[in-house]
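Student: with the sequence up front, the predicted model follows.
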Amino acid sequence: MGLLQKTDGSGTLLLAPGDNVAIATRELPAGTQRDIAGCSITIKSAVDVGHKFAVRNIAAGERIVKYSAPIGRATRGIEPGEYVHTHNMTSDYLPTFTLEDGRKFIEETK
Amino acid sequence: MITGYLRSDGRKGIRNNIVVSYLVECAHHVAREIVHPFRDRGVHLIGFSGCYPNAYSHKMMERLCTHPNIGAALLVSLGCEGFNKGGLLDTVRKSGRHARLVVIQDTGGTRKSIAEGQAWIEQTLKQLEQTPRVDMGVNELIVGTKCGGSDATSGLTANPAMGRAFDFLVERNARCIFEETGELIGMENWMAERAGTPELGREIINTVAKAARYYATMGHASFAPGNADGGLTTIEEKSLGAYAKSGQSRITGIVKPGDVPIAGGLYLMDMIPDGEVRFGFPNINDNAELAEMIACGAHLVMFSTGRGSVVGSAVAPIIKVCANPKTFKRMSDDMDVDAGRILEGRATLDEVGREIYDLVIAIANGQMTKSEALGHQEFVLTYKSFEPLGPACFPSAA
């Protein structure tokens, strides 16, 4: 499995093929154009170093995938090149120990 | 192919070291003095400070004194401490390794004990020159991974690159161990999907839940507002940074400190004590975790750092993978791999992953790591308590 990462100093990093977000390794101003995983992407609003942007269309409710792992879910439709952060995605995580406490509570109060 | 050292118990090591082990803090100085003149000749200092016996620390000491990189162990006891010194001596002898116990109170104090210990080391170093050399496949290697002194670059460069190196190692049937369950909170459901069996997946979820409870009791925060400023949106994404060290392979099993994985594959080390919270923080620093991975039989450990950790370890070499290009330029004497090139667009993750893999083989073949050459041999061991592993934690027959 090869990673589709550029070494041309383009300032973008796709951690694994199949990811729907990539990371800016330097600040990418709005209007920046980059080819990522075979798609031409235009950055819609500035993305800071270490922050991420969509590399394809992501539907509302779809998993955000980085390094092949789900890191949350889109709260609305996201277009390629759009900055992805707290304004358009949210955590999918319910703490495991809370889940267990909840289950135990339900068991005990049956 | 690797040329290793064959031990009498059939295990193969990549170093031919001796450990001098103090069995209580009161014997620490004598042990350190014994080691001092031999410190550049593969004689390493380890020990346990506590006076009261503890099953976990006894097991750790047994595993470290009979580690495949170790050919001989000198145990230094004050005499009245609670450590089961006879039991440890017996275990080391049964493994076929050279072993000796010096009891300071019986020997007649500091000076006589140092002299007796040093005479034994001198003679044992000569005997170890006779250790048979033997071919060793990549499938016979046990490799750990750990991060410390992390910064925002760790999860982007060094950790995923080490994950790629882990993928190469697992493909060749090496035994690979990752850990830090407390920093994997939020990833447990995804890790459970990567587990070899649903039962193992359940154990992984329980392991992370235990870590979450433990850290909550100790007052650790999980996701801070500052994380979002750095571009991390969710707890899952924050944990992804540490998680990336594990690579993409199927998860084969779980080990606890001192459990040696029995077959090739990827293992999660559960280092959080079982039962109620006692004895304080699970691991007081990076070296506590390194010692636990090494006690699981790790011949060497890949260690990523962004801010720039300098530590090595007793018993096993530590490979430093530097995540941050600025840190690398400042501290290159301490760093084995410059993974920050990925950020600068000078190398791909795959290329750095391959470089780390090749370095693992070279280090296994005797090349010194930076921390080894600098004489780093940090070691720490504290009190803990564990219950045995459940059956689902072992590799399935399938």
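Tutor: Done, it's in.
Student: verify the stated contact: B:Val337 with B:Pro325.
Tutor: No - assessed by Cβ atoms under 8 Å, B:Val337 is found out of contact with B:Pro325, at 11.9 Å. Any C-beta I mention is one placed from the backbone N, CA and C, and that applies to glycine too.
Student: of the two, give the one with the bigger neighbour count.
Tutor: Neighbours of B:Val337 and B:Pro325, each counted by other Cβ atoms under 10 Å in any protein chain shown, are more numerous for B:Val337; the result is 24 against 18.
Student: now that one: closest residue in space, sequence neighbours ignored.
Tutor: What sits nearest to B:Val337 in space, not counting adjacent residues and going by Cβ to Cβ, 6 or more residues apart in numbering or on different chains, is B:Val321, at 4.4 Å.
Student: so what's the residue count around the one you found?
Tutor: So B:Val321, with other Cβ under 10 Å, has 29 neighbours.
Student: give me the residues contacting the helix or strand hosting it.
Tutor: In the assignment (DSSP states H and E), B:Val321 maps to strand B:318-322. Contacting residues not belonging to strand B:318-322 are listed as B:158, B:161-162, B:290, B:300-306, B:308-309, B:311-312, B:328, B:331, B:334-340, B:356, B:359-360, B:363, B:369-372, B:376 [Cβ atoms under 8 Å, 6 or more residues apart in numbering or on different chains].
Student: now, those that are in helices?
Tutor: Cross-referencing the contacts of strand B:318-322 against helices under DSSP state H gives B:158, B:161-162, B:290, B:328, B:356, B:359-360, B:363, B:370-372.
Student: and which of those residues is nearest chain A?
Tutor: Among the ones in helices among the contacts of strand B:318-322, B:Ala161 lies closest to chain A (Cβ to the nearest Cβ), at 10.1 Å.
Student: which residue packs closest to that closest one, ignoring adjacent ones?
Tutor: Sequence neighbours aside, B:Val352 is the residue nearest to B:Ala161 in space, at 4.0 Å (criterion: Cβ to Cβ, 6+ apart).
Student: ok, back up a step: would you list the ones in helices among the contacts of strand B:318-322 in TSV and tack on pLDDT, neighbour count and distance to A:Val84?
Tutor: As requested, those are exported to TSV (pLDDT from 0 to 100; neighbours: other Cβ atoms under 10 Å in any protein chain shown; distance: Cβ to Cβ, whole Å):
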residue	pLDDT	neighbour count	distance to A:Val84
B:Ala158	96	33	23
B:Ala161	96	32	23
B:Met162	97	33	25
B:Leu290	97	27	36
B:Phe328	96	22	29
B:Ile356	98	26	29
B:Leu359	98	19	35
B:Val360	98	26	35
B:Ile363	98	24	39
B:Lys370	98	20	38
B:Ser371	98	23	38
B:Glu372	97	21	42
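Student: hey, where'd the strands end up in chain B?
Tutor: Taking DSSP state E as the criterion, chain B carries its strands at B:2-6, B:12-13, B:17-22, B:43-47, B:70-77, B:98-103, B:133-136, B:142-147, B:175-178, B:251-255, B:265-269, B:300-305, B:318-322, B:337-338.
Student: reformat these as a markdown table; add distance to B:Met60.
Tutor: Formatted as a markdown table, the strands of chain B follow (distance: least, Cβ to Cβ, whole Å):
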| stretch | distance to B:Met60 |
| --- | --- |
| strand B:2-6 | 22 |
| strand B:12-13 | 18 |
| strand B:17-22 | 11 |
| strand B:43-47 | 9 |
| strand B:70-77 | 13 |
| strand B:98-103 | 17 |
| strand B:133-136 | 25 |
| strand B:142-147 | 15 |
| strand B:175-178 | 15 |
| strand B:251-255 | 13 |
| strand B:265-269 | 13 |
| strand B:300-305 | 15 |
| strand B:318-322 | 18 |
| strand B:337-338 | 29 |
